[in-house]
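*Asks:* got a sequence here, can you model it:
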Amino acid sequence: MIVKYDTLFIERFKKLDVRIRKSLKEKIAIFQENPFDPQLNNHPLKDEYVGYRSIDVTADYRAIYEEMNELGEPVAYFVAIGTHPELYD
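*Replies:* Residues are numbered from 1 along each chain as shown. Below is the predicted model:
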């Protein structure tokens with residue numbers, strides 16, 4: 001699956017601790033091979049994030065993305081990253 005990032009996602013990513021950034025890179029590599037690998041805990045979201053999905057980056061951090069289709073190819077467009085309270089509270 002093709003992975004793309006929103007500019008706000010990239011800005012937030014750059015401010016994260018190096019361990020979180022490393023974990024995200026590892027999880028994205030897994031995601032590209034198998035978006036539903038059990039390590040990712042890939043699941044649909046509800047309420048204000050209906051239509052989006054989330055994957056686990058670490059025990060505390062999540063990455064939110066939207067599935068899109070560009071020229072017939074599936075694209076995961078990552079829009080937010082943060083802790084559960086930062087994203088959902």
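
*Asks:* so for the longest helix along the chain, mean pLDDT?
*Replies:* Using DSSP state H, we find that the single longest helix of the chain is helix 18-33. For helix 18-33, the mean pLDDT works out to 97.

*Asks:* and for stretch 53-73?
*Replies:* For stretch 53-73, the per-residue pLDDT averages 95.

*Asks:* buried residues, it. List them.
*Replies:* Judged by neighbour count using 16 or more other C-beta atoms under 10 Å, the buried positions of stretch 53-73 are 53-57, 61-66. (Glycine included, C-beta is placed from N, CA and C.)

*Asks:* report the distance from stretch 69-76 to the chain centre.
*Replies:* In terms of C-alpha atoms, centre = their mean, to the nearest Å, the centre of stretch 69-76 is set 16 Å apart from its chain centre.

*Asks:* err, stretch 4-12, not the other one
*Replies:* On C-alpha atoms, centre = their mean, the centre of stretch 4-12 falls 10 Å from that of its chain.

*Asks:* show me the contact partners of that stretch.
*Replies:* For stretch 4-12, contacts defined as C-beta atoms under 8 Å, 6 or more residues apart in numbering pick out 13, 63, 75-82.

*Asks:* tell me the mean pLDDT over that stretch?
*Replies:* pLDDT averaged over stretch 4-12 gives 97.

*Asks:* the chain: strands as residue ranges?
*Replies:* Taking DSSP state E as the test, the strands found in the chain are 2-5, 43-44, 53-56, 61-70, 73-83.

*Asks:* ok, residue 67 touching residue 74?
*Replies:* Yes. Using C-beta atoms under 8 Å, residue 67 is in contact with residue 74, at 6.5 Å.

*Asks:* distance to residue 17 for the strands of the chain - can I get that in a markdown table?
*Replies:* A markdown table is the format used below for the strands of the chain (distance: least, C-beta to C-beta, whole Å):
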| stretch | distance to residue 17 |
| --- | --- |
| strand 2-5 | 18 |
| strand 43-44 | 24 |
| strand 53-56 | 16 |
| strand 61-70 | 10 |
| strand 73-83 | 12 |
